[in-house]
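Colleague: have a look at this fold, sequence not included:
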């Protein structure tokens, strides 16, 4: 079996992780930090807003079971991509909306998806689409947070 990787930032990673775990074909979802300049950041570091990192999830999936386009569709449904640096009560650059692409194919699909999604929205989409950079897994207590604690930030799919 071959696998692929997708990386998304859509606010608080607890709910994002829980939502993507529900999709058949998604093999693993890891909460973490990416898109910034600080090496090996901690949650406390990222919460300052000074690392440049966003809370994000890195998804390992089986492309024979779920397409990247399906993951993009889920991404648009689980957060508000029209609010810069904010999701619900969480405010700061670490809560920005971003698609971090692994290759040119994902870049093209992400841009097409954003353009299609914009046609269905009145407010401008602020989601950034950039090449993925180093991904730092969050501390263990953040992994599978919803399963461990029964609460998450976003609605399920």
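Modeller: Right, received. Where do you want to start? Note that the structure is a prediction, hence the values are computed from the model and not measured.
Colleague: for the lowest-mean-pLDDT helix or strand in the chain, packing partners?
Modeller: The helix or strand of the chain with the poorest confidence is helix 145-149; it has a mean of 78 (mean pLDDT, DSSP states H and E). Helices and strands touching helix 145-149, by 3 or more C-beta pairs under 8 Å, 6 or more residues apart in numbering; DSSP states H and E, are helix 13-21. In this view, the C-beta of every residue, glycine as well, is placed from N, C-alpha and C.
Colleague: give the rounded mean pLDDT of the helix it packs on.
Modeller: Average pLDDT, helix 13-21: 92.
Colleague: how far does that helix sit from its chain's centre?
Modeller: Relative to its chain's centre, helix 13-21 lies at 8 Å (C-alpha atoms, centre = their mean, to the nearest Å).
Colleague: which helix or strand lies directly C-terminal to it?
Modeller: Downstream of helix 13-21, the next assigned helix or strand under DSSP states H and E is strand 26-34.
Colleague: center of this structure, which residue is that?
Modeller: residue 8 (2.4 Å; C-alpha atoms, centre = their mean).
Colleague: list the contacts of that one.
Modeller: 16, 20, 56-57, 59, 71, 75, 98-100 (C-beta atoms under 8 Å, 6 or more residues apart in numbering).
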